[in-house]
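1. the amino acid sequence is not available; the structure is as follows:
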């Protein structure tokens, strides 16, 4: 197979996310033998067959074909599970540099083998290129530089560095401890060597050489030496630190006592907050079934309903409104004995009662024993009083109106007397009136069913009376009109046959009989 130069990068990197397990990884570049690739998990090189195998497919059912891309499959128990921050999986190609086919010097030869050999050379070149690109190299535009290192003896115990012109070299940038020395040095130390002083004033101080060959100089000579560890000052600081430690111990004890008090206060605050959190549940869109800790609701728990704008309280079995979305008390249904602490102002609103359907529902009740009730039964407006109670109306004037606002009946106070008047449909007194001591009828009065008009004797004499009544049957209406003045003594009322009554003289019955006899 011919190498595809577009996917001839012999390196692929993957990251397995934290907690994720992965066993199969794609190899996007061609390789020939299974050992042509290196597989790393993190920095650990994995072993073919022991940790992984290769295949042509993701299901690990087809043996890898030489010269093609493929898959790496980790064996059971060796799958890659991402650690914290993810785990890197790197697959590289590393083909052995050798020939696998020896062609004859003449005659025909195997073209397929030639292609494979050329493919391997191209792949090996890509492998070398990948390695070279990851090595220490100069930029193309750099001027001629030398990266040649000194011999082994010269570079022993040194580190790689670069000169001022950029050439590679080695130097002792990290000092080597050379032990103790007196005030005046006796050896030709190298630059960056470390020496500990034995002088009493500088006991155990550590100095570093600033240049080579400082023999015969004082360790305190700053031209040749620099103080690295000030042990003298450190000892003083240690003494001071010990004193500070004792003071700190006292502060620590005070702090621990304060911490204990703070923890107790915190526990009390947490308990108080938890109690408050169980009592006031905050803002919620629907009625909660448990408190904020997931525990059962307590009676008296509150929350604000963001859907309706109501404040609600739990009564032990259900949520009820306390304050409506208008900012007012929602209802007093749950209070079986509500009381007012002052005058009730209805704020120009109505106090409404639905129709009463029973003996005591939807009624305005006055008195402790239902002495008087005002209600509407669906048909009529009613005032009911108990059987033993009277209905008193204490007012100077009592007026009864029809539904157009016209006065129909009135009991009117007039000084020391009380007038009772019945009005007609024009609002004029027409029917009946009691004006002071007089009783007046302003309309005809009908006495039905042979009922009597009685005139009773004085109550001091008894209860007898005289009366008028109509006959049981009347063929036509008859109206007798009284005369407009009183007659003379002895005159009688007489009719003219047309209903007019007049006063006439009483006739002698014997003369009348004689006249009749004479014809």
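-> Nice, I can see it. These numbers come from a predicted model, not from an experiment.
2. could you pull out the helices for the chain?
-> Using DSSP state H, the helices assigned to the chain run over residues 111-133, 152-155, 231-279, 509-518.
3. among those, show me which one is buried the most.
-> Ranked by mean neighbour count, those are led by helix 111-133 with a mean of 15 (mean count of other CB atoms under 10 Å). Backbone N, C-alpha and C define where each C-beta goes, glycine included.
4. which helices and strands does it pack with?
-> Helices and strands touching helix 111-133, as assessed by 3 or more CB pairs under 8 Å, 6 or more residues apart in numbering; DSSP states H and E, comprise strand 24-31, strand 87-93.
5. what's the mean pLDDT across the shortest one?
-> Taken as a whole, strand 87-93 has an average pLDDT of 94.
6. that strand to strand 24-31, inter-axis angle?
-> Note on geometry: by axes from the mean of the first three to the mean of the last three CA atoms, to 10 degrees, strand 87-93 and strand 24-31 are set 20 degrees apart in direction.
7. counting by contacts, list what strand 87-93 packs against.
-> Counting by 3+ CB pairs under 8 Å, 6+ apart, strand 87-93 packs on strand 11-16, strand 24-31, strand 37-41, strand 80-81, helix 111-133.
8. how does it look with 7 Å?
-> Strand 87-93 is packed against strand 11-16, strand 24-31, strand 37-41, with contacts defined by 3 or more CB pairs under 7 Å, 6 or more residues apart in numbering; DSSP states H and E.
9. now the ones you listed in CSV, with distance to residue 353?
-> Compiled in CSV, these are given as follows (distance: least, CB to CB, whole Å):
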stretch, distance to residue 353
strand 11-16, 76
strand 24-31, 81
strand 37-41, 84
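10. which among the ones you listed is found nearest to residue 188?
-> Across the helices and strands packed on strand 87-93, residue 188 has its closest neighbour in strand 37-41 (48.2 Å, CB to CB).
11. can you list contacts of that closest one?
-> The contact list for strand 37-41 (CB atoms under 7 Å, 6 or more residues apart in numbering) reads 27, 31, 45-46, 52, 72, 80, 87, 89-94.
12. pLDDT of that strand, averaged?
-> Per-residue scores along strand 37-41 average to 95.
13. given that strand, what are its sheet partners and their directions?
-> When pairing is defined by DSSP bridges, strand 37-41 lines up against strand 44-45 (antiparallel), strand 87-93 (antiparallel).
14. let me have the contacts of strand 37-41 in JSON lines, extended by distance to residue 127 and neighbour count.
-> Below are these laid out as JSON lines (distance: CB to CB, whole Å; neighbours: other CB atoms under 10 Å):
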{"residue": "27", "distance to residue 127": "14", "neighbour count": "21"}
{"residue": "31", "distance to residue 127": "10", "neighbour count": "22"}
{"residue": "45", "distance to residue 127": "16", "neighbour count": "11"}
{"residue": "46", "distance to residue 127": "19", "neighbour count": "18"}
{"residue": "52", "distance to residue 127": "20", "neighbour count": "24"}
{"residue": "72", "distance to residue 127": "17", "neighbour count": "25"}
{"residue": "80", "distance to residue 127": "24", "neighbour count": "22"}
{"residue": "87", "distance to residue 127": "25", "neighbour count": "18"}
{"residue": "89", "distance to residue 127": "19", "neighbour count": "21"}
{"residue": "90", "distance to residue 127": "14", "neighbour count": "16"}
{"residue": "91", "distance to residue 127": "13", "neighbour count": "22"}
{"residue": "92", "distance to residue 127": "8", "neighbour count": "19"}
{"residue": "93", "distance to residue 127": "6", "neighbour count": "22"}
{"residue": "94", "distance to residue 127": "6", "neighbour count": "17"}
